[in-house]
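fold the following, please.
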Amino acid sequence: MSARVRGALAAALLSCAALVCTALAVPNGTVPAARSARGEAIGDAGDAGDAGDAATIAGARTHAARSYPNADTSASGRPSPDRSATDWSTALVDSTLARYTPDKIGGWSYPVGLYLYGQYLVHQRTHQQRYLDYIKQYVDRFVDSNGDIDQSFNSLDSMQAGRLLVILHHETGAHRYQIAAQKIRKRLDSYPRTADGGFWHATSSSRAHQLWADGVYMVTPFLVEYGKEFGDSAYADDEAARQLTVYGGHLQRTNGLLRHAYDESKTADWADTTTGQAPEHWCRAVGWYAMADATVLDALPADHPRRAQLTGILRRLASGLEKTQDPLSGRWFQVMDKGERPDNWTETSCSSMFAFALSRGVQRGYLDRHYAKVAKRAYDGVLQRISLGSDGRTHLTDITIGTNVGNYDYYIDRIRATNDFHGLGAFLIMSEQLRAR
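Residues are numbered from 1 along each chain as shown. Reported below is the predicted structural model:
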């Protein structure tokens, strides 16, 4: 038996044991508050990086104690329907809408924003008005009739859901969504930066001078979409491209992958005292960057001065992704370059993100055509993580919950949740890109 197969079996046993302990120890299927690498409770989205807000995480992990280890059967034990014949995008959206009303899905946060952006992509294909109506009902909880939005936008995470403001202005023409979106745009004028212009992950003292790969997805897609919708592309395109270039310069290694974060001050407990980099290639952090790069390249004019740099970063990253893709599952490991370790495990949200970025890169001509096969293997691998339960609803498994910067053990020990919004949103983005390819 190969080391990789032994590792996969060991990881599966560890996952099942953890899920059983969770189900026995915690009532009603909820889970304890997530902890940081130093044992501190993770806070809200404004200061927790990929962690998300507490209400959103708790809701998204309602089913975390359930385990569906056999990807070829549903939660009820019956064979799953033919995967090639199932519209998993609409099945997932319908299941999520059945679980959460717009006032119960969570607060203003990037995990919900990511999911609802994916839902919008499904609306664009299916023209299901109720998908768009749901997004509007969610956003209208936070934006009043005058366009006021009660957010300080002191973190990049808090800006991601701003994409929904641009969408709703485009769909409805209501000026109040533009007013709300302008608050994010204007906040960037005074938002703190590193010496070379990179936006700090958040303004709090614990995030000062830090660039997290997660952050570029939280702000750069919003920027290019805002610029296109409201005639501000000259600034927005330049700023988005600049951020990706600065972040890529600090985070990308010679293997093509990115480290999770960089601290300009080199004082964070995770920062290398020479490079300022975090110690590991955490998969979802790299996934956030990959999606952001592909999305911004789609928006940039052909003659943009940073286009060649961003294409080069994506190509080097694609090479690293091909080399670290698990040949057995088609997915990627939680710590990407250490898949041979028996406790490492393949993660669903990042695998969805990479499948999207590689497929889009091939489609648009940023990447060599052979990466389409890498993307397809990833897509097929992710589909093995979704099933229909006895309630007729979808269950998407092996999604790491919100995560700060840490060491190998910290990433490996993260809860492997079912139906967490990080995974649901990434799945929809991937599915709408690849389902017809």
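
got a list of contacts for the helix or strand hosting Ala98?
Taking DSSP states H and E as the criterion, Ala98 maps to helix 88-99. Residues from elsewhere that reach helix 88-99 (CB atoms under 8 Å, 6 or more residues apart in numbering): 62, 115, 119, 121-122, 125-126, 128, 130-131, 134, 383, 386, 388, 392-394, 396, 419, 424, 427-428, 431-432, 435. (Each C-beta comes from the backbone N, C-alpha and C, glycine too.)

now, those residues that are in helices?
Counting by DSSP state H, the contacts of helix 88-99 place 115, 119, 121-122, 125-126, 130-131, 134, 383, 424, 427-428, 431-432 in helices.

rewinding a little: mind listing what's buried along the helix holding Ala98?
Trp88, Ser89, Thr90, Ala91, Leu92, Val93, Asp94, Ser95, Thr96, Arg99 (16 or more other CB atoms under 10 Å).

and for stretch 345-354?
Neighbour count says stretch 345-354 has Trp345, Thr346, Glu347, Thr348, Ser349, Cys350, Ser351, Ser352, Met353, Phe354 buried, by 16+ other CB under 10 Å.

filter those residues down to the ones in helices?
Checked against DSSP H, the buried residues of stretch 345-354 include these in helices: Thr348, Ser349, Cys350, Ser351, Ser352, Met353, Phe354.

show me which of those residues is closest to Asp189.
Met353 (29.7 Å; CB to CB).

reformat the buried residues of helix 88-99 as JSON lines; add pLDDT and distance to Arg141.
Converted to JSON lines, those look like this (pLDDT from 0 to 100; distance: CB to CB, whole Å):
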{"residue": "Trp88", "pLDDT": "98", "distance to Arg141": "28"}
{"residue": "Ser89", "pLDDT": "98", "distance to Arg141": "25"}
{"residue": "Thr90", "pLDDT": "98", "distance to Arg141": "24"}
{"residue": "Ala91", "pLDDT": "98", "distance to Arg141": "26"}
{"residue": "Leu92", "pLDDT": "98", "distance to Arg141": "22"}
{"residue": "Val93", "pLDDT": "98", "distance to Arg141": "19"}
{"residue": "Asp94", "pLDDT": "98", "distance to Arg141": "22"}
{"residue": "Ser95", "pLDDT": "98", "distance to Arg141": "22"}
{"residue": "Thr96", "pLDDT": "98", "distance to Arg141": "17"}
{"residue": "Arg99", "pLDDT": "98", "distance to Arg141": "17"}
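
redo the residues you listed as CSV? Include distance to Asp150.
Shown next, in CSV, are the buried residues of helix 88-99 (distance: CB to CB, whole Å):
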residue, distance to Asp150
Trp88, 35
Ser89, 32
Thr90, 33
Ala91, 34
Leu92, 30
Val93, 28
Asp94, 31
Ser95, 30
Thr96, 25
Arg99, 26
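
with adjacent residues omitted, what lies nearest to Tyr120?
Ile167 (5.6 Å; CB to CB, 6 or more residues apart in numbering).

where's Leu164, which helix or strand?
helix 162-172.

now for the helix or strand just after that helix, which elements pack on it?
Going down the chain from helix 162-172, the next helix or strand is helix 175-190, by DSSP H and E. Counting contacts by 3 or more CB pairs under 8 Å, 6 or more residues apart in numbering; DSSP states H and E, helix 175-190 is packed against helix 162-172, helix 213-230.

what is the subsequent helix or strand relative to the longest one?
By that I understand helix 213-230. Helix 213-230 is succeeded, C-terminally, by helix 233-251 (DSSP H and E).

show me which residues of that following helix are buried.
233, 236-248, 250-251.

repeat that for stretch 403-415.
Applying 16+ other CB under 10 Å to stretch 403-415 flags Thr403, Asn404, Val405, Gly406, Tyr408, Tyr410, Tyr411, Ile412, Arg414, Ile415 as buried.

please tell me I have it right and the first one contacts Glu280.
No - in this structure Thr403 lies outside contact range of Glu280 using CB atoms under 8 Å: 11.0 Å.
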